[in-house]
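Peer 1: Predicted coordinates and the sequence they were generated for:
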Amino acid sequence: MAANTAPNTGPAIELINVSRRFLTPDGKSMTAIRDFTMTVERGEFVAVVGPTGCGKSTTLNLVTGLATPSAGEVRVFGGPVQGIDDRIGFVFQTDALFPWRSVIDNVVAGPLFRGTPKDEAYASAREWLARVNLSGHETKYPHQLSGGMRKRVSLAQTFINGPQILLMDEPFSALDVQTRVMMHDELLRLWSQSKASVVFVTHDLEEAIALADKVYVLTAGPATVKSVYTIDIPRPRVASEIRYEQKFIDISRTIWDDLRGEVMRGASRDEARVTSAAEVAA
Ligand SMILES: Nc1ncnc2c1ncn2[C@@H]1O[C@H](COP(=O)(O)OP(=O)(O)OP(=O)(O)O)[C@@H](O)[C@H]1O
């Protein structure tokens, strides 16, 4: 496979005054993101929180190239976004596991696709499965695993490719609370060894604070950056414990005071939409 010749300077990700508009089914223009500016430094963990439907996933799609900006500029390692970039890995809410493949065959898929020799690829997959505590489960199929185990397979499947940027869109939101907190510690451990730059989209403010170096609070749509908070809680962090610390509670209260207004604004707009739709239908 050809070496990646994309530029490799500057911060990991820059969104500079980006706007993104979509056409609605009735032909009107709808602005999902407006004048959005965000910088993710190399090795930085950034969390993005905001009301439902405000435009969080669209920011990730702009980085992957799945969406193109209507105005402004998106840069990855100093260069424009051009097609699929093999330096970027993803973990989404729904698993991207092939149900017909065993656990190890799911994890090995990336390296084999990139041309890694078979023995080497399988050795690496076994190693990554050990790192996410799934040794002994290699030959099982996804349907035989719990939600948390499937998520750990997803992490191994992503980290095995050595992504320099990791985009995560509500990756743990389908898990129960206890499993989710365990996954936070798992993710922090893998991330601290990988030095990847992360953008983690979530509805869960506590999750954002426990994991991130910086938390971006977005406005109710169209999404703009309302505030950016630096989370000065030292690392390594134990996500399952720091949420009981006074400093964590104080940070949560400050950011929630800021976010609450946007959540209420988003909710009252949704309500108005439902009411007017009901009026049209009546
Ligand atoms: N391809 C598209 N075509 C038309 N509209 C779109 C498209 N993608 C997103 N939108 C709209 O843009 C807005 C923002 O969507 P987006 O999925 O980015 O929000 P979100 O904050 O991630 O949502 P949620 O919190 O529900 O996950 C929404 O109103 C959505 O309907």
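Peer 2: Thanks, I have the structure now.
Peer 1: next structured bit after the helix or strand in which residue 200 is found?
Peer 2: Using DSSP states H and E, residue 200 sits within strand 197-202. Using DSSP H and E, the next helix or strand after strand 197-202 towards the C-terminus is helix 205-211.
Peer 1: Distance from that next one to the middle of the chain?
Peer 2: 13 Å (C-alpha atoms, centre = their mean, to the nearest Å).
Peer 1: Repeat that for stretch 150-161.
Peer 2: Its chain's C-alpha centre lies 14 Å from the corresponding centre of stretch 150-161 when counted by C-alpha atoms, centre = their mean.
Peer 1: what's in contact with that stretch?
Peer 2: Defining contact as C-beta atoms under 8 Å, 6 or more residues apart in numbering, one finds that stretch 150-161 is touched by 86, 89-91, 95-97, 103, 106-111, 114, 124-125, 128-129, 131-134, 142, 145, 166, 171-172, 175, 179, 183, 186-187, 190, 194. C-beta: built from backbone N, CA, C; applies to glycine.
Peer 1: again, but for stretch 117-131
Peer 2: 103-104, 107-108, 111-112, 116, 135, 137-138, 153, 156, 159-160, 190.
Peer 1: let's see 10 Å
Peer 2: Applying C-beta atoms under 10 Å, 6 or more residues apart in numbering, the contact partners of stretch 117-131 are 103-116, 134-138, 152-153, 155-162, 186, 189-190, 193.
Peer 1: what's the answer for stretch 21-34, then?
Peer 2: Identification of contacts with stretch 21-34 by C-beta under 10 Å, 6+ apart yields 15, 17-20, 53-59, 61-62, 67, 69-72, 218-219, 221-225.
Peer 1: on that earlier part again, any quick PyMOL command for the buried ones out of the contacts of stretch 117-131?
Peer 2: Remark: buried members of the contacts of stretch 117-131, expressed as a PyMOL selection using 16 or more other C-beta atoms under 10 Å:
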select buried, resi 103+104+105+106+107+108+109+110+111+116+134+137+138+152+153+155+156+157+158+159+160+161+186+190
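Peer 1: Sitting in helices, which of the contacts of stretch 117-131 do you find?
Peer 2: Among the contacts of stretch 117-131, DSSP state H puts 103-113, 152-153, 155-159, 186, 189-190, 193 in helices.
Peer 1: Filtering these by proximity to the ligand, which remain?
Peer 2: With C-beta under 6 Å from any ligand atom as the criterion, no member of those is in contact with the ligand.
Peer 1: List the neighbouring strands of the strand holding residue 200 plus their orientation.
Peer 2: Under the criterion DSSP bridges, strand 197-202 sits next to strand 45-49 (parallel), strand 165-169 (parallel) in its sheet.
Peer 1: avg pLDDT for the first one?
Peer 2: Think strand 45-49. Mean pLDDT, strand 45-49: 97.
Peer 1: Good, wrapping up.
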